[in-house]
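>>> Sequence first, predicted coordinates after that:
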Amino acid sequence: MPQYAILIYEKETPGGVADIPPDVMEANMRAGEKIAAMGARVVNEQALQPSATTRTIHKNGLVTDGPFIESKEVIAGFFVVETTDLEAAVAIGKLLPIMDGAVEVRPLLAE
């Protein structure tokens, strides 16, 4: 079955996870059940540390602090799911609660 990366972009909050509203956290916790009910499988699911912990390696080998690009939103976490097609992956992405950001769904290259 094809796999898709679902990237979650959000504005960073000063208190990190502690600043996420309880209803948003609860909806995130319930997403796995809903995904399984759709006949899909979560292969991997990760939340990321704040962008301040990021190091970027440039093509010349220079290592800098922070993410590669500066933006209001950062990648807060990601899922890798197995499901039938892109439309099903987009439906899964729509299940994820977003406060101020967006969700990107991208097919993974087949092995």
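That came through, no problem.

>>> distance between the ends of stretch 37-49?
In stretch 37-49, first residue to last residue: 29 Å (C-alpha to C-alpha, to the nearest Å).

>>> buried ones in it?
38, 40, 42 (16 or more other C-beta atoms under 10 Å). Where you see a C-beta, it was placed from the backbone N, CA and C, and this is true even at glycine.

>>> Just the ones of the residues you listed in strands?
Counted as lying in strands by DSSP state E, out of the buried residues of stretch 37-49, are Val42.

>>> Sort out which one of the buried residues of stretch 37-49 lies nearest Met1 for me.
Nearest to Met1 among the buried residues of stretch 37-49: Ala40, at 8.4 Å, using C-beta to C-beta.

>>> Once you drop chain neighbours, what's closest to the closest one?
Distances taken as C-beta to C-beta, 6 or more residues apart in numbering put Thr83 closest to Ala40, at 3.7 Å, once the chain neighbours are dropped.

>>> And Pro97, by the same measure?
Ala27 (4.1 Å).

>>> pLDDT score for the one you found?
As predicted, Ala27 sits at a pLDDT of 89.

>>> pretty sure it is in a strand, no?
No: Ala27: not assigned to a strand; according to DSSP: H, G, I helix; E, B strand; the rest coil it is helix.

>>> Closest one of the buried residues of stretch 37-49 to Asn60?
Using C-beta to C-beta, Val42 comes nearest to Asn60 of the buried residues of stretch 37-49, at 37.3 Å.
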